[in-house]
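Asks: let me see the structure of the following:
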Amino acid sequence: MRRKERFLSTRAGRLVGLAGMAGVATVGSGTTTVSVGAASVKSGSVVILTPQMYASTLTDSVKGVMVSSIRAGGFNISMAGSVAPAANLPVGWVVVSRP
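Replies: So this is what the prediction gives:
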């Protein structure tokens, strides 16, 4: 097999997971914490967050978002430094590990 063919043949078909493995939550303007319901989350799960439209909705002093209070069936998203976004901030989330 040639090198080019070897790399072309390596691919992922699709992601397979439980209900509630990924989604988008919205942190409202003027708020610093939002509760997210996620069926597949258990205490001790690892959740990754990705702010969307980051530059247009946050002030310069905000560093990002963080996961807090992970529990069975949900978790909280909090703003780092307790600084609220100036407008609604969509945050993508995905569960990458379940105990």
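Asks: ok, and what's touching stretch 27-34?
Replies: The set of residues external to stretch 27-34 that reach it, using Cβ atoms under 8 Å, 6 or more residues apart in numbering, is 25-26, 57, 65, 68, 76-79, 82-89, 91. In this view, the C-beta of every residue, glycine as well, is placed from N, C-alpha and C.
Asks: quick check: phi and psi at Ala84.
Replies: Main-chain torsions, Ala84, degrees, to the nearest 10: phi -80, psi 150.
Asks: list the contacts of it.
Replies: When contacts are counted by Cβ under 8 Å, 6+ apart, Ala84 touches Val27, Ser29, Gly30, Thr31, Thr32.
Asks: measure it to Met53 for me?
Replies: Remark: distance between Ala84 and Met53 (Cβ to Cβ, to the nearest Å) = 15 Å.
Asks: average pLDDT across stretch 91-99?
Replies: Average pLDDT, stretch 91-99: 84.
Asks: tell me which stretches of this structure form helices.
Replies: With DSSP state H, the ranges of helices along the chain come out as 3-8, 54-57.
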